[in-house]
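Q: Everything below, folded, please.
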Amino acid sequence: MGIKIVATGSYVPNKVLTNFDLEKMVETSDEWITTRTGIKERRIAESETTSEMATKAVLNALSGKSAEDIELFLTATATPDMFFPSTACIVQSNLKNKKALAFDISAACTGFIYGLYVADSIMRSKDIKKSIVIGAERFSKILNWEDRTTCILFGDGAGAVVLEQSEEEGILGFDIGADGSYGDLLYVESVGSNSEPPHYLYMKGNEVFKVAVRTMTDSAKRVLEKTGISADEISMLVPHQANVRIIDAVAKRLGIKNDKIFINLNRYGNTSAASIPIALDEAVREGKVKKGDLVLMVAFGGGFTWGSCIVRL
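A: Numbering: from 1, shown residues only. The predicted structure is shown next:
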């Protein structure tokens, strides 16, 4: 028995916040942001909650099909609507499903990879034939919009994949891990995306950059080694969309050429756990990733967490 990604979906809010808009809010410039991050604009949820964006991403993945046969809803998010019920339970309710397992996991920007790992493990050990893994974030709620070092980086959105048992093997291997000693480099003290008190994100950017490049590179190399797949065989690298300089550094160390890297952070910024599923969905819909292609996904996040996964679509 194998597990395959059989459908993808994503959703981003309508409001666009450009670098030129940010010039009016904090001391920064379009040139400074673009040069150092590769980001030109990001999407901001004005009223939509994390669960609402997640629900829309799932609906896009289902493409009009019923959610009644879904047996597991798993949402990766660092910005849930509330501490409980889980965002996954709210999405399940929105989709009129009353029987599935439903829960959230928090691994910051690595959350989607962690979610795939957990869902894959459950589906292989239990009689669950169909599940949905979601990455959804409303980071605009936890940003200090007077802090030019962080507010320029993040955006809101959601992505989702549908997993099914299959005679073919689709999810080929994982490498995941964490090192809590880096926790003070990137953190939020307390948060619920609908909570009122200001719970802001804090980040030591230079230190995060160094650790991110190393951990993403090492994790990707390990999953390639575990699966016996070479970097040359990878059809597309779909990395966490944090910073174009991080992505370029990781790809260079892996020996993956630019035409095999999918990047959309210029339009969305860093959407944390949502960034990889949004990027994967766009790559599929744009025809840059096709059935049978080998896709390498790799991420890092606050914790620090890291993870990589190779799938055959």
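Q: show me the contacts for residue 45.
A: Residue 45 makes contact with 13, 15, 53, 138, 140, 141, 156, according to CB atoms under 8 Å, 6 or more residues apart in numbering. For glycine as for every other residue, the C-beta is placed from the backbone atoms N, C-alpha and C.
Q: Which ones among those map onto helices?
A: residue 53 (DSSP state H).
Q: what helix or strand is residue 311 on?
A: strand 305-312 (DSSP states H and E).
Q: all helices of the stretch 51-200 of the chain, in order?
A: Along the stretch 51-200 of the chain, counting by DSSP state H, counting those that start in this stretch, helices occupy 87-94, 111-125.
Q: Could you double-check that residue 94 lies in contact with residue 57?
A: No: if you go by CB atoms under 8 Å, residue 94 and residue 57 don't touch, sitting 11.5 Å apart.
Q: Quick check: residue 222 vs residue 175, distance?
A: According to CB to CB, to the nearest Å, residue 222 and residue 175 sit 4 Å apart.
Q: So which of these two has more stuff around it?
A: residue 175 (22 against 17; other CB atoms under 10 Å).
Q: Which pLDDT value does the model give that one?
A: Here, the pLDDT recorded for residue 175 equals 97.
Q: just residue 109 next, same as before
A: pLDDT for residue 109: 95.
Q: if I pick the closest residue to it other than its chain neighbours, what's in contact with it?
A: Once flanking residues are discounted, residue 109 sits nearest to residue 301: 3.2 Å by CB to CB, 6 or more residues apart in numbering. By CB under 8 Å, 6+ apart, residue 301 lies in contact with 78, 107, 108, 109, 110, 111, 186, 240, 272, 273.
Q: Which one of those is nearest to residue 64?
A: Distance ranking of the contacts of residue 301 against residue 64, using CB to CB, places residue 273 first at 25.5 Å.
Q: Just give the number of residues close to the closest residue to that closest one other than its chain neighbours.
A: Excluding its sequence neighbours, the residue lying closest to residue 273 (CB to CB, 6+ apart) is residue 111, at 3.4 Å. By other CB under 10 Å, the residues close to residue 111 number 33.
Q: residues contacting residue 111?
A: Per CB under 8 Å, 6+ apart, neighbours of residue 111: 76, 77, 78, 105, 135, 272, 273, 301, 305.
Q: likewise residue 29?
A: 19, 23.
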